[in-house]
Each structure stands twice: as C-alpha cells, then as structure tokens.
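Student: Turn this into a model:
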Amino acid sequence: MNDTAYPDFGILLVDDEPAWLGSLALTLETCAGITNITTCNDSRQVMAILDQGRIGLVLLDLTMPHLSGEELLEQIAERHPEIATIVISGLNQVETAVGCMRRGAFDYFVKTDDEDRMVGGVLRAVHMQELQRDHREMASRFCSPEIRHPEAFEAVITNDRAMQAVFAYVEAVARSPQPLLITGESGVGKELIARAAHRLSGCKGKLVTVNVAGLDDAVFSDTLFGHVRGAFTGAEQVRRGMVEEACDGTLFLDEIGDLSIASQVKLLRLLQEGEYFPLGSDLPKRLKARIMVATHRNLPAAERDGAFRRDLLYRLRTHQVHLPPLRERRGDIPLLLDHFLDQAARELGRKRPTPPPGLAQFLATYSFPGNVRELKAMVYDAVSVHRERMLSMDSFIRAVERAKDENGAVTCVGAQQNPFARFEELPTFGDAAAFLVQEAMDRANGNQTLAARLLGISQPALNKRLKMAKG
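Tutor: Sure thing, here's the model as predicted:
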C-alpha cells in the first residue's frame, strides 16, 4: 500500500479464483482510481484480515470452498458491523440476492454485470463509508471540545469563542474527502482556514489556490483541467490543469459564488464523477485532490435567484463553516493590533512603535466592513508614516473617517429610517441627548475622548452633558 492509496481505508476482495481477483482489482484501479486493495483467495483467512482493523469494505464471492460467502457475510455482520459488504456472485438468482441483503450486504452484483454498474456500486459503498467515518470522527471531536492541533491555526489571531468553535469543526472534518465550504465576508480569513484544514488533512500533496472570480467558462476549464497539444488555436504545448497540480493535496477554489452556470455544471460533474477531461482529450483523468471552496456571497440566496445550481450547492456544503466578521469579535482587536504592529515593523524594517492609549478602544467603535484585512492595512499605513516613538492616533482616525465617507451612501441607505419614527411617544430632547451620550460612553468603554469623537462634539461639551446628567 502506498502513501497516496485511495480510499484511506482498505478494500478486501475475496474469491477463490486468483484470475478473477486480479481482473477485478485492475478494473477498480483503472475505472475508479481505487488502489487501497487487498486480495484473498482463501475464505478461512478473511476474519483474521478484518481483525487487523484496516478494512472498510469487502467484495465477497458466494461460492467458495471451506467457508461459504453466506457464512462469512454473517460473521462479518456480527463481529465487524462497521464494515460494508458487497456480494459479487456467479449466481443470478433473486432469492439469493434477497437473502444476502437480509444478512446485511450493502449490494449484490453478478459477475456478468456491466462493468460500469459494478464500479458505480463500489464507489457508492466507498462514499457511504467515508460519510460514516466522518460522522464518527465529528461525534468524537465534539465530545472533546479542546483543539488537538492548535499549531495548525497559529496564523489566525483570536481568542473568540465562535472562532474556537470553527477550529474544532475544521479539525473534525479536515481528513474527510468530502468538499469543505467556507463562507464569510471579504477579509475575514477564509484562505487561512483552508490552509489550516489542508495542514490537518494528512494530504501528501500541496495546497493549490485558484480565484475563480471573473473567469469565463473557457478559461475556467483550461485553468482547472488543462489541455492537450492542439486542443485549440495557440495550444502548442500540453498544459497541466490545477486539478492535476493539486494531486494528492487540496484544490482551494476561492470566490466560488462568482462562477458562471456553465462552469458550475463542470465543477458538479467533477465532484460527482470524480473524473475530468483535459481540453481536447478523450481520455478521462481521475480527481485525486480534496476540494475546498470559499465565498463571501449568500449561496442559498443566489440559488433562489437562479444564479447558483441547487445540486452543486448541496454537494459543496457537505461540510460547511462560517467565519464571523470582525465586528462580531471585537475582543480580538487588541490581539490583532499587537500582531500587525509586530509584523509591520518587521517587514518595513522599523522599530515597533508604541500604540497610543485608547487606540484599541477607538478601533472597537468602528464596524470594519473590510474586516481583518482592513485593520491590517490601517496598521501598515500608520507604521509606514510614523516618526515618533508613540504611534499617532491621527492616522487611524483619518482612515476610519475616510472609510465612513466612502461608504456613507451605503450606510445611509441601510440606516435611512428615523430611529424615532416608530416611537408612539417621543422622548424629550434632553432625554434623547442623555441616552445618546450614555450609548457613546458605553461604546467607548468610558473614554470621554473617544465618546466625544463618536458624537461629533468637543470633549468639554461632552463633559458638560455628563455633569448635567449627574445633576
């Protein structure tokens, strides 16, 4: 068995005819890419092989000397109920097939059946076993909530409980061969989570990232599947596609919500069939990479609008994780601020500046539509222009005000309703001002300078309001 055998559990072929065993093993490898195969032509050895714990699926002949297939089927169901069994018999009898299914067989085929039908049944059994193993692993992980491999997430700076839950989920599904869908606004760190999942997956190959936004169908096909020489005008050399580049590793497709319908069909076929055709080729290649995708779009809404295929959506979200925006994890802002200050100083060749008092509190009052990426850009800009030992607050204030001006039209559309419009009885002017001051003080954690900036008044004017409220 090699390091890249598929699937990650063994498949045992049992038959007293060595020639048939060799033929079946070759068929499964050629047509389905299944290489993790063990063969056995003595039925008395089967249970000892299964007791070793590597096997997840058995393909079993019925008519054999020593122990018959029916006897083995009953023993497997009793001692190893977690193992799926497919009966492949020379007998084309309904009663025999029904009896095998009652004894726990997953499927029943006759040796003269169409090759594609038999291979399809094996792949269905493999898929079922993979899902059941995923379920058992996830159940085990969620019973033990601590992160077993925190080093995989070291690039994600957080103490947030919601993010810790994300880590636990990703760790639980990282070894699954099923797709992983990562959603969240732009700038929240979706690619960092994909890198962590790849690191935990045990895949021997590399992580290959493709941003599919803006790719038309022809470019998408060429990028993912590659082409043979002469496939189209200008195709003078063979090109390996990104699916092949990611062999035995992970293919990460970013901005999947921007994919055209035609390209969605090709991606769906890749996931369903596990094979693809390079442009200009009649010979299929097997998919040997884990697929992860990410988007900032609302895919269910896109599906309802007809912009995203429902069958692809269901296929992609076998495993799904959502990353919260920075405004929902404001407690991480001080950690991120320190991290980016260290990083910016190191990369820009400057001495690390001291952040001004109240900077983290001020940043916590901002909604960060660009999320962590926007905060990083603010810090790098401030470090690049600072001259004193103490970092200037002015650079951050200007950045926030500029962002608010640029997004002002959008903000007004979302908040154009008068907050008092639904009040049956209006508060007095004094009461409304007092509530507004109190809210600003709460958001600024009691810092009068920050609260005054939020209200757009001077600090003396705020101080006067506070005294009036106490009086």
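Student: okay, and for this structure, where does confidence drop off?
Tutor: The model of the chain has pLDDT under 70 over residues 1-4, 138-145, 407-417, 422, 471.
Student: Domain-wise, how is it divided?
Tutor: 10-138, 149-324, 327-416, 424-471 (automatic domain parsing).
Student: my guess is E137 contacts E171, does it?
Tutor: No - counting by Cβ atoms under 8 Å, E137 stays clear of E171, with 9.5 Å between them. C-beta: built from backbone N, CA, C; applies to glycine.
Student: and those two? which has more neighbours close in?
Tutor: Using other Cβ atoms under 10 Å, the more surrounded residue of E137 and E171 is E171, with 22 against 16.
Student: just checking, what's the longest helix in the chain?
Tutor: For the chain, the helix reaching the highest residue count under DSSP state H is reported as helix 115-143.
Student: Which strands or helices does that one pack on?
Tutor: helix 18-32, strand 55-60, strand 84-89, strand 107-110, helix 161-173 (3 or more Cβ pairs under 8 Å, 6 or more residues apart in numbering; DSSP states H and E).
Student: next one: it to chain centre, how far?
Tutor: Remark: helix 115-143 is offset 19 Å from the chain centroid, using Cα atoms, centre = their mean, to the nearest Å.
Student: ok, and for it, which residues are buried?
Tutor: Across helix 115-143, burial judged by 16 or more other Cβ atoms under 10 Å covers 118-119, 121-123, 125-126, 129-130, 133-134, 137-138, 141.
Student: Please apply the same query to stretch 169-181.
Tutor: 169-181.
Student: Which parts of the chain are strands?
Tutor: 10-14, 37-40, 55-60, 84-89, 107-110, 180-183, 207-211, 226-227, 239-240, 250-254, 275-276, 285-286, 290-295, 319-322 (DSSP state E).
Student: Let's have those in JSON lines, adding distance to A432.
Tutor: Shown next, in JSON lines, are the strands of the chain (distance: least, Cβ to Cβ, whole Å):
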{"stretch": "strand 10-14", "distance to A432": "72"}
{"stretch": "strand 37-40", "distance to A432": "75"}
{"stretch": "strand 55-60", "distance to A432": "67"}
{"stretch": "strand 84-89", "distance to A432": "68"}
{"stretch": "strand 107-110", "distance to A432": "71"}
{"stretch": "strand 180-183", "distance to A432": "39"}
{"stretch": "strand 207-211", "distance to A432": "48"}
{"stretch": "strand 226-227", "distance to A432": "65"}
{"stretch": "strand 239-240", "distance to A432": "66"}
{"stretch": "strand 250-254", "distance to A432": "46"}
{"stretch": "strand 275-276", "distance to A432": "63"}
{"stretch": "strand 285-286", "distance to A432": "67"}
{"stretch": "strand 290-295", "distance to A432": "42"}
{"stretch": "strand 319-322", "distance to A432": "37"}
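Student: could you measure R350 against L335, distance?
Tutor: Here R350 is placed at a distance of 21 Å from L335 (Cβ to Cβ, to the nearest Å).
Student: Also L375?
Tutor: 11 Å.
Student: Next: A444.
Tutor: Going from A444 to L335 by Cβ to Cβ gives 20 Å.
Student: what about these two, which has more around it?
Tutor: The residue with more neighbours, out of A444 and L335, is A444; 22 against 15, by other Cβ under 10 Å.
Student: Could you report the distance from that one to T365?
Tutor: Applying Cβ to Cβ, the value for A444 to T365 is 6 Å.
Student: who touches both of the two?
Tutor: The contact sets of A444 and T365 overlap at L450, L454 (Cβ atoms under 8 Å, 6 or more residues apart in numbering).
Student: Now do the closest residue to F277 other than its chain neighbours: how many residues are near it, please.
Tutor: Distances taken as Cβ to Cβ, 6 or more residues apart in numbering place P284 nearest to F277, at 5.5 Å, with adjacent residues excluded. P284 has 13 neighbouring residues, counting by other Cβ under 10 Å.
Student: Which residue, neighbours along the chain excluded, lies closest to G205?
Tutor: Distances taken as Cβ to Cβ, 6+ apart place G249 nearest to G205, at 2.6 Å, with adjacent residues excluded.
Student: In this structure the one you found contacts L207, no?
Tutor: Yes - with contact defined as Cβ under 8 Å, G249 reaches L207; the gap is 6.1 Å.
Student: who touches both of those two?
Tutor: H198.
Student: re the thing from before, report the separation between the residue nearest to G205 and I37.
Tutor: Note on G249: its distance to I37, by Cβ to Cβ, is 22 Å.
Student: residues contacting Q320?
Tutor: Taking Cβ under 8 Å, 6+ apart, one finds L180, L181, I182, T183 in contact with Q320.
Student: Going along the chain, name the helices of the stretch 251-400 of the chain.
Tutor: Applying DSSP state H, counting those that start in this stretch to the stretch 251-400 of the chain gives helices spanning 261-273, 299-304, 310-316, 333-348, 359-364, 371-385, 394-406.
Student: Could you say which one of those comes nearest to I291?
Tutor: helix 261-273 (6.6 Å; Cβ to Cβ).
Student: Pull out the buried residues from that closest one.
Tutor: For helix 261-273, by 16+ other Cβ under 10 Å, it's S263, Q264, K266, L267, L268, L270, L271.
Student: Could you list every helix and strand in contact with that helix?
Tutor: When contacts are defined as 3+ Cβ pairs under 8 Å, 6+ apart, helix 261-273 packs onto helix 217-225, strand 275-276, helix 310-316.
Student: how far out from the middle of the chain is it?
Tutor: Centroid separation between helix 261-273 and its chain, computed with Cα atoms, centre = their mean, is 18 Å.
Student: neighbouring contacts of it?
Tutor: So helix 261-273 is contacted by 179, 212, 215, 217, 220-221, 224-225, 243, 253, 259, 276, 287, 291, 307-309, 311-312, 315-316 (Cβ under 8 Å, 6+ apart).
Student: Repeat that for stretch 243-252.
Tutor: Stretch 243-252 is contacted by residues 4, 191, 194, 197-198, 201, 203-210, 224-226, 242, 270, 276, 285, 287-294 when judged by Cβ under 8 Å, 6+ apart.
Student: Are any of those residues buried, and if so which?
Tutor: Among these, those buried by neighbour count (16+ other Cβ under 10 Å) are 191, 194, 197-198, 201, 203, 205, 207-210, 224-226, 242, 270, 276, 285, 287-294.
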